[in-house]
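Colleague: Need a 3D model of the sequence below.
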Amino acid sequence: MPVLARKLRLHDYFALAFGTMIGTGWLVLMDDWLGRGGPVGAALGFAVGGFILLPVGYVYGQWVKRLPDAAGEAAYAAEVFPPIVSYFTGWMMLLAYFIVCPWEAVALGKIAAYIFPSLDSFELYRVAGQPVFLPRLILGIALTLLLATINYRGIRLSANFQKAMTSMVLVIFLALVAISGFRGDPANLHPVFHPTPFLSILLTLQIVPYFLTGFESAPKYAEEANPDFRPSSYMQAIGLALGVGALFYALCILAVGYIAPWQTLLGKRFATAVAFEHGLGKHWPVQLILVMALFGLFQCFNGNFAASTRLLFAYARRGTIAPGFATIHEKFSTPSVAIIGITLGTLVALFLGDAILVPVTEVGSMASALGWLAACLSFWLVEPGLRLRFITGLGICVSLLLLLMKLLPAFPGHFTHAEWIALAIWLILGAALHRRQPPAPEPIK
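Modeller: Down below sits the predicted model:
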């Protein structure tokens, strides 16, 4: 029977996890982040978010050593909870990864239209008042098919693509931080919070789960590790991806606020590019930033696409959805049918445009926190050691807090009717696809 190819090493796991986190949010949504907390408040929100998620990352590192299953959270929850709880835990986590794919495909059109305004032509229709343009739609479809082909032909090809994109993102990012440090002005940072320090950090902390989702994707490729890969290296990959990811976002916010007066950027399209153009008085930084954004888009799309396909494959192998999705390609050793399924789902969502994807993205943030909570709670129930239980308890508290911040009306930025509707639709779809009496999962090779 065909099995998944075992070719991944530590740098592959880091690139896949880091790339899953870092897309185009730092460019497309920078004005929103600054509006939430000001430069220092927003940066602290991401830094604090990365720090408090360390116990969650630790739990994932422990889980993957004990249970190297691509089903991730679903497999962990299955150890202590009923099958239906395990299934919907995994189904919600699948949303957290999957929804990024059409979002990045839509973002490609946005960035390309900024460079070539003529792409905003040939309006096909509108969704929730937002136009869907034919040229931008074609670009999104082409990118989706390209990444689907790369992933279909092997995890080694996908990982190499991911490493190349991640390297370019980090090199350009460091250059931009250096430029801001030399040419910026501390006066541009004032006021450093918006509106108050506590509320600034809290409002930013609410979106951290969505933008830091990805550090826990490493276990989804546990069955594709090189035979000489050490289990302890999973923890290194997870911790490194989480730390570098949180630092990336925090420094990016500070660099933007330092190079130009941040309050002038509120409501600006692509505020990061606008800030550097304003601060340097030249247009070439915009081109550099847009190139970096494209590399980030490619790596984020590819990372989330790969993670989504592994989850879909693993759920099918466990028998909780149609078993055909567990098919492994004999030549390329990839989950070929799952890849086709995620490709088709991405293309369908792409036609809805970004207006519909916004509330689903908010649900994705909640889904990430729910998956982290399930992983931590499951580990706490199976782990007898007091030290590990204490660390896991911290992870439970953090995950629960992040989850409640989206669900409870007492918190600013909680779910609106649109998010509740999006969540209901996803749960109904999951219920429709669920197989009630799954066969026992095959043992991990």
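Colleague: For the rest of this, base every contact and every neighbour count on C-alpha atoms.
Modeller: OK.
Colleague: End to end on stretch 22-37, go ahead and measure it.
Modeller: Terminal residues of stretch 22-37 lie 20 Å apart, using Cα to Cα, to the nearest Å.
Colleague: what pLDDT, on average, does it get?
Modeller: Averaging pLDDT along stretch 22-37 gives 90.
Colleague: Quick one: distance of that stretch to the chain centre.
Modeller: 14 Å (Cα atoms, centre = their mean, to the nearest Å).
Colleague: what does that stretch rub up against?
Modeller: 42, 104, 107, 193-197, 199-201, 203-204, 211-212, 245, 249, 252-253, 262-263, 265-273, 293-294, 296-301 (Cα atoms under 8 Å, 6 or more residues apart in numbering).
Colleague: Weed out the non-buried ones from these.
Modeller: Buried members of the contacts of stretch 22-37, scored by 16 or more other Cα atoms under 10 Å, are 42, 104, 107, 193-194, 197, 199-201, 203-204, 211-212, 245, 249, 252-253, 262-263, 265, 268, 270-273, 293-294, 296-301.
Colleague: Could you pull out the helices in the stretch 151-300 of the chain for me?
Modeller: 155-183, 197-205, 208-212, 233-259, 271-280, 284-317 (DSSP state H, counting those that start in this stretch).
Colleague: Which positions within the first one qualify as buried?
Modeller: For helix 155-183, a neighbour-count test (16+ other Cα under 10 Å) marks 155-156, 158-159, 161-163, 165-166, 169-170, 172-173, 176-177, 179-180 as buried.
Colleague: ranges for the strands of the stretch 1-150 of the chain?
Modeller: Counting by DSSP state E, counting those that start in this stretch, the stretch 1-150 of the chain has strands at residues 123-127, 130-133.
Colleague: in its sheet, what does the longest one sit against?
Modeller: Each strand paired with strand 123-127, and its direction, by DSSP bridges: strand 130-133 (antiparallel).
Colleague: which residues sit in contact with Glu362?
Modeller: 210, 415, 419.
Colleague: isn't the first one right up against Gly364?
Modeller: The one in question is Tyr210. Yes: Tyr210 is within contact range of Gly364, at 6.4 Å (criterion: Cα atoms under 8 Å).
Colleague: In space, what's closest to Pro68 - neighbours in sequence excluded?
Modeller: Nearest residue to Pro68, sequence neighbours excluded (Cα to Cα, 6 or more residues apart in numbering): Ala222, at 5.2 Å.
Colleague: got the angle for the strand or helix carrying Lys406 vs helix 197-205?
Modeller: Take DSSP states H and E as the rule and Lys406 turns out to sit in helix 386-407. Helix 386-407 and helix 197-205 are oriented at 90 degrees to each other (axes from the mean of the first three to the mean of the last three Cα atoms, to 10 degrees).
Colleague: how about Ala271, what does it touch?
Modeller: 27-31, 265.
Colleague: By neighbour count, which of the residues you listed wins?
Modeller: Met30 (29 neighbours; other Cα atoms under 10 Å).
Colleague: by how many degrees do the helix or strand hosting Ala422 and helix 386-407 diverge?
Modeller: Per DSSP H and E: Ala422 is located in helix 417-433. Here helix 417-433 points in a direction 120 degrees away from that of helix 386-407 (the same axes, to 10 degrees).
Colleague: And the average pLDDT for helix 417-433 is what?
Modeller: Helix 417-433 shows a mean pLDDT of 88.
Colleague: Let me know the closest of the contacts of Glu362 to Ala369.
Modeller: Tyr210 (8.5 Å; Cα to Cα).
Colleague: Could you check the helix holding Ala422 and say which residues are buried?
Modeller: Quick answer for helix 417-433 (16+ other Cα under 10 Å): 419-420, 422-423, 426, 430-431.
Colleague: Just send the contacts of Glu362 back as TSV, with distance to Ala307 too.
Modeller: Listed next are these as TSV, based on distance: Cα to Cα, whole Å:
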residue	distance to Ala307
Tyr210	15
Phe415	26
Glu419	23
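Colleague: Closest to Gly371 out of those residues?
Modeller: Tyr210 (11.9 Å).
Colleague: coming back round to it: which of the helices of the stretch 151-300 of the chain comes out lowest on mean pLDDT?
Modeller: Looking at those, the bottom one is helix 208-212 with a mean of 84.
Colleague: what's that helix in contact with?
Modeller: With contact meaning Cα under 8 Å, 6+ apart, helix 208-212 is reached by 21-22, 25, 45-46, 49-50, 96, 242, 245-246, 361-362, 364-366, 368-369, 402.
Colleague: one more time with 7 Å
Modeller: The contact list for helix 208-212 (Cα atoms under 7 Å, 6 or more residues apart in numbering) reads 21, 46, 49, 245, 364-365, 368-369.
Colleague: can you check stretch 178-196 too?
Modeller: 35-41, 200, 255, 257-262.
Colleague: Tell me, what's the model's pLDDT at Leu352?
Modeller: pLDDT for Leu352: 84.
Colleague: burial measure for it, as a count.
Modeller: 19.
Colleague: One more: Thr343?
Modeller: Thr343: 22 neighbours (other Cα under 10 Å).
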